[in-house]
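sequence below, structure please.
(chains A and B, ligands or ions: 1)
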Amino acid sequence: MKSENDIGRVSVKNGRYKIKGKFHIIEPNTPIFDDNGKLCGITNPRDMTYIHSYGGEAIFFESLSKGKLMASRCDNPKCDSKDSIFMPFRIYCPDCLRKNTVIDITDIAKKTAMIHSFIITERSGAFNTLKKPIKFINVEFEDVCTIFMGYLTVGEPKIGMRVVPIFQTKKPTYTIMDISWVPIGTPESELPEGFTL
Amino acid sequence: MIKFSDKQLKIPKMARPVYLATSGMSRFGRAFPTLRTEELCIEALTEAADFIKMTPAELKQYIHTAYYGHFADHFGDQLLGEAVIHDRLGLDPLGTIGVKTGGATGGSTMWEAIKAVASGYSDCALAMGWERMDEVPTDEGNHLISCAADKDWETPLGHIYTGYYAVMAQRYWQIFGKAEDSFRKTMAEIAVKNRGYGRMNPYAHGGMKITVEDVINSPVVAYPLRVLDCCLMSVGAACGIICDEKTAYELTDNPLRIWIGAGSHTLRVADRRDMKIPLLPNEEPGLYDDLGKRFPGGDRYPGFSSFLAARIASYYAYNMTGVVDPCEDLDVIELHDAFTISDIQSYEDVGLRPYGEGRDYIESGDGYHTNPKTGKPGRLPSNLCGGLIGCMHAVGATGLMQIAEIGYHIWNRWAEIHGDEKKWKKFGREKPKDWTDLQVKGAKRGLTISHAGVGSHVTATILMHPNHLLKED
Ligand SMILES: [Zn+2]
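A predicted model of the protein is given here:
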């Protein structure tokens, strides 16, 4: 791990990115020999940090840190999909391409969220920070036309099970990991560290 | 979109007939520490030339444009890898382009080559695909594959694509499979079938003699999927040479007609909205009115249980070629069996069985070379090369390998390609003592499905012997 001072950090000044800290670490190549000691290749170490804009979705990720689930809705009276509520959040309506209205569906989620499907897996890729086994769940809400993908942190998932969102408000990562789900009725004391109802 | 206009549903038209003149493949394996990608691509192109008794140099004289499928730049740490291969094949200064559509890359590459010839732009085009998945450790490979999901909404969740995919399997398993032991067994039969066929294929690296019990007792990846339910991770290359009629008959006296349809659906399963089921030519309106009654929870389409992209690709391809009932009109098929359960899902998407009844294609014995129930030839055998489970899944090459394999059946040269002792030796593999000729006797028409991830891109390719078309041009 890099020291706190070495972590690559980015800010925006006058519409441009300003970077500070280490964005890559250089490690030497090492040779690969076959079982006869003959050279067949080389390793190419890479350690890089990307800089990524959330653009119009930033409000969604920022709201998670405040314990709110923001969706978006098409309000175009001329669109076939008027009143459709999208979660995952879509900046534009996929049908009329007009900018959607940002709406708060935290209450809808608390009252109607239900597991549509799920999967439990011991597997993960490099860079995973979720505890294993990971319990992926897909969450449907009343009046929302799409189905949100998230993860369950308490209990065992079942199709049709009622769940409520919990939010990483104490030490937000500002990523999708800041929202998780628990069975309805789970007391605050059972939530993972940093999460609140 | 959840409603489609007439203009969008227009049956694609090719301005002139298009032919597959020849195909070729490299050997496939989990890793090739002593081979560069270009060596595998040259192996595939040389095979394609050999197949029509030409030298690679002679065949290259005909090629006018080149289309290269290679899914993951990340894996090779080489952007513009297509330009490297194009140079090593000695095809500069011809026009060339790279194609990337995840697991459907091979099919999409063929889509480009076919359109180039159909339009008259080129009289002969090369479609070549490959993948190199052995140059990173497996967990980093899992991360790289997960980058093909939505990087903000999915990838941070475990960096594991299986997690985003398998939720669809779960839903199908519970709603349409009713979580029954008999359905679990049918899934396992697919793994047994495809791994068994893989044993007869010298190019394959996933052939295994296993039983249903072996599959059901293999380690869980993400319940209900177990290790033996899942496809391989592979390295290798495959290609096809696409021509207009005149050029095709200059290259060979036995070219095959080829058509292709393509479809898409959202990258995130999460974004799939409910819609009406688009019908295939063999489905009557009203067929699905009671689907939700027969399978409680199954009324949302495509929901988590179907692949709209596969349905739309089939809709285009069947209507282009006059296929009405694929089980009746086709002789052999190659499906994208990434997982046993997704293989069953796709039987429905491509119309082998109506939605909800996919399992019957296996349970009836229709999908086998020899129907295990009757001992007679299967009605519409699938994945006789072993498929993604038993042969390989070198992503960019997969769709092109499938097209080559269907070609070998219609050319009636399957045994020659797969049975040659010398080839088994050359690839360092032992030909099994019980090697069986899986040639589908009298095959005249076939289909291949090339499919990306959760179903973001799908192509449906149809091959026919020119004397056995279903529809006049
Ligand atoms: Zn709209």
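
use CA for all of it now, contacts and neighbours both
Will do.

now do the same for the nearest residue to A:Thr129 once chain neighbours are set aside: its pLDDT.
Of all residues not flanking A:Thr129 in the chain, B:Gly158 sits nearest, at 6.8 Å (Cα to Cα, 6 or more residues apart in numbering or on different chains). We have a pLDDT of 95 for B:Gly158.

next: A:Phe23.
The model reports A:Phe23 with a pLDDT of 89.

repeat that for B:Ala72.
B:Ala72 is given a pLDDT of 87.

for it, what are its contacts?
B:Lys100, B:Gly102, B:Glu131 (Cα atoms under 8 Å, 6 or more residues apart in numbering or on different chains).

secondary structure class of A:Lys135, three-state.
Recorded secondary structure, A:Lys135: strand (DSSP: H, G, I helix; E, B strand; the rest coil).

surely it touches A:Ile120?
Yes - look at A:Lys135 against A:Ile120 with Cα atoms under 8 Å: they come within range, at 4.5 Å.

need the residues touching each of these two.
Common neighbours of A:Lys135 and A:Ile120 are not found (criterion: Cα under 8 Å, 6+ apart).

who's in contact with the most centrally placed residue in chain A?
Residue closest to the average C-alpha location in chain A (Cα atoms, centre = their mean): A:Ile176, at 1.6 Å. Residues in contact with A:Ile176 (Cα under 8 Å, 6+ apart) are A:Phe61, B:Asp152, B:Trp153, B:Glu154, B:Pro156, B:Leu157.

of those - the most surrounded one?
B:Leu157 (28 neighbours; other Cα atoms under 10 Å in any protein chain shown).

distance of that one from A:Gly150?
Distance of B:Leu157 to A:Gly150, computed by Cα to Cα, to the nearest Å: 8 Å.

nearest residue to B:Leu400 other than its sequence neighbours?
Closest to B:Leu400 by Cα to Cα, 6+ apart is B:Gly106, at 5.1 Å.

off-centre distance for the helix or strand hosting that neighbour?
If you go by DSSP states H and E, B:Gly106 is part of helix B:105-118. Helix B:105-118 sits 14 Å away from the centroid of its parent chain (Cα atoms, centre = their mean, to the nearest Å).

same for that helix, what does it pack against?
With contacts taken as 3 or more Cα pairs under 8 Å, 6 or more residues apart in numbering or on different chains; DSSP states H and E, helix B:105-118 sits against strand B:65-69, strand B:95-99, strand B:124-131, strand B:236-243, strand B:256-264, helix B:395-410, strand B:445-451, strand B:457-464.

how about whatever residue of the stretch 251-400 of chain B ends up closest to chain A, secondary structure?
With Cα to the nearest Cα, the shortest gap between the stretch 251-400 of chain B and chain A falls at B:Ala270, namely 4.7 Å. Using three-state DSSP, the structure places B:Ala270 in helix.

how about the helices of chain A, start to end?
A:58-64, A:106-112 (DSSP state H).

and for the first one, what's in contact with it?
Surrounding helix A:58-64, the residues in contact under the criterion Cα under 8 Å, 6+ apart are A:Leu69, A:Met70, A:Ala71, A:Phe89, A:Phe167, A:Gln168, A:Thr169, A:Tyr174, A:Thr175, A:Ile176, A:Asp178, A:Ile179.

gap between B:His159 and B:Thr398?
Noted for B:His159: a distance of 24 Å to B:Thr398, by Cα to Cα.

the two: which has the busier surroundings?
Neighbours per residue (other Cα under 10 Å) separate B:His159 from B:Thr398, with B:Thr398 holding more: 33 against 29.

list the contacts of that one.
For B:Thr398, the contacting residues are B:Gly103, B:Ala104, B:Thr105, B:Gly106, B:Gly107, B:Gly129, B:Trp130, B:Ala238, B:Leu388, B:Met392, B:Ser450, by Cα under 8 Å, 6+ apart.

which residue packs closest to the fifth one, ignoring adjacent ones?
Distance criterion Cα to Cα, 6+ apart; nearest residue to B:Gly107, sequence neighbours excluded, is B:Gly399 at 4.6 Å.

what helix or strand is the nearest residue to B:Gly177 once chain neighbours are set aside located in?
Closest residue to B:Gly177 apart from its sequence neighbours, by Cα to Cα, 6+ apart: B:Phe183 at 5.6 Å. Here B:Phe183, judged by DSSP H and E, is contained in helix B:181-198.

thinking again about what came up before, looking at the contacts of B:Thr398, which one is closest to the ion?
B:Ala104 (29.9 Å; Cα to the ion).

for whichever residue of chain A sits closest to the ion, which non-adjacent residue is spatially closest?
Residue nearest to the ion within chain A (Cα to the ion): A:Cys96, separated by 4.1 Å. Excluding the flanking residues, the one nearest A:Cys96 by Cα to Cα, 6+ apart is A:Cys79, at 6.0 Å.

who touches residue 192 in this structure?
Unless you meant another one, I'm taking chain A. Residues counted as contacts of A:Pro192 (Cα under 8 Å, 6+ apart) are A:Thr153.

try again with chain B
Neighbours of B:Val192 in contact, by Cα under 8 Å, 6+ apart: B:Met208, B:Lys209, B:Ile210, B:Thr211, B:Val212, B:Val215.

buried among those residues? Make that a PyMOL selection.
Of these, the buried ones go into a single PyMOL selection, burial set by 16 or more other Cα atoms under 10 Å in any protein chain shown:
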select buried, chain B and resi 208+210+212+215
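
can you lay out the contacts of B:Val192 as JSON lines showing pLDDT, secondary structure and distance to B:Arg300?
As requested, these are arranged in JSON lines below (pLDDT from 0 to 100; DSSP: H, G, I helix; E, B strand; the rest coil; distance: Cα to Cα, whole Å):
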{"residue": "B:Met208", "pLDDT": "98", "secondary structure": "coil", "distance to B:Arg300": "37"}
{"residue": "B:Lys209", "pLDDT": "98", "secondary structure": "coil", "distance to B:Arg300": "38"}
{"residue": "B:Ile210", "pLDDT": "98", "secondary structure": "coil", "distance to B:Arg300": "36"}
{"residue": "B:Thr211", "pLDDT": "98", "secondary structure": "coil", "distance to B:Arg300": "35"}
{"residue": "B:Val212", "pLDDT": "98", "secondary structure": "helix", "distance to B:Arg300": "32"}
{"residue": "B:Val215", "pLDDT": "98", "secondary structure": "helix", "distance to B:Arg300": "30"}
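
what is the nearest of the contacts of B:Val192 to chain A?
Set against chain A, the nearest of these by Cα to the nearest Cα is B:Val215 (17.7 Å).

got the phi/psi numbers for the residue nearest to that closest one when sequence neighbours are not counted?
Of all residues not flanking B:Val215 in the chain, B:Leu228 sits nearest, at 5.3 Å (Cα to Cα, 6+ apart). Backbone torsions of B:Leu228, given as degrees, to the nearest 10, read phi -80, psi 0.

quick check, B:Leu228 in contact with B:Ala191.
Yes - contact criterion Cα under 8 Å: B:Leu228 and B:Ala191 qualify, at 6.5 Å.

overlap in contacts of the two?
Residues touching both B:Leu228 and B:Ala191 (Cα under 8 Å, 6+ apart): B:Val215.

more neighbours: which of those two?
B:Ala191 (29 against 26).

got the contact list for the more buried one?
Counting by Cα under 8 Å, 6+ apart, B:Ala191 touches B:Val212, B:Val215, B:Leu228, B:Asp229, B:Thr340, B:Ile389, B:Gly390.

give me the pLDDT value at it.
What the model reports for B:Ala191 is a pLDDT of 98.

and the residue located most distally from the centre of chain B, what does it touch?
In chain B, the residue that sits farthest from the middle, by Cα atoms, centre = their mean, is B:Lys293; the gap is 32.7 Å. Contact partners of B:Lys293, counting by Cα under 8 Å, 6+ apart, are B:Asp299.

these two touch, right, B:Arg27 and B:Lys425?
No - in this structure, B:Arg27 is not within contact of B:Lys425 by Cα under 8 Å, at 11.5 Å.

with neighbour numbers in mind, choose between those two.
Taking other Cα under 10 Å, B:Arg27 and B:Lys425 do not tie; B:Arg27 has more neighbours (22 against 12).
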